[in-house]
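Q: how would this look folded up:
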Amino acid sequence: MANVTDIMNWTFISETQAPQEVHEILVDGEVIEVAYKTIRDVAVVTNKKIIIADKQGITGKKVEVYTIPFKSIVMYSSENAKGILDFNAELELWTRAGRFKLNLRKGIDIRKLDRLIGQHIL
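A: Model prediction:
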């Protein structure tokens, strides 16, 4: 299990389709808003939470799933230079459990993610 007293980092590479197995863990009334390919798996943003799958080991058969409920986010920040040399944007979430950092590769619309988080935590 991860130590959330340290900042946790994930990199979102591009938008993708949510895998079918994510639908199995959604609660009543929960809707997938967007999904992102990560280094080894996928992250899904719903209207209630952010779900990040973290494949572990050489084969990646063991998967740890992190769920960040929007109701636990107390503050967030986004950083984006929008310049020619800016290769990624960053979104940092402060929660009751700790800090989480999402690195967004070039081409991902950080403002879309900003709006989704703002819409669901405010």
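
Q: all strands of this protein, in order?
A: 8-12, 14-16, 32-37, 42-46, 49-56, 62-69, 73-79, 88-95, 99-105 (DSSP state E).

Q: Among those strands, which comes closest to residue 121?
A: Residue 121 lies closest, by Cβ to Cβ, to one member of the strands of the chain: strand 73-79, at 5.1 Å. Bear in mind the C-beta positions are built from the backbone N, C-alpha and C, glycine included.

Q: which other helices and strands contact the lengthiest helix in the chain?
A: Counting residues, the longest helix in the chain under DSSP state H turns out to be helix 110-121. If you count contacts as 3 or more Cβ pairs under 8 Å, 6 or more residues apart in numbering; DSSP states H and E, helix 110-121 packs onto strand 32-37, strand 73-79, strand 88-95, strand 99-105.

Q: buried set for stretch 55-73?
A: Neighbour-count burial for stretch 55-73, with 16 or more other Cβ atoms under 10 Å as criterion, is recorded at 66, 68, 70, 73.
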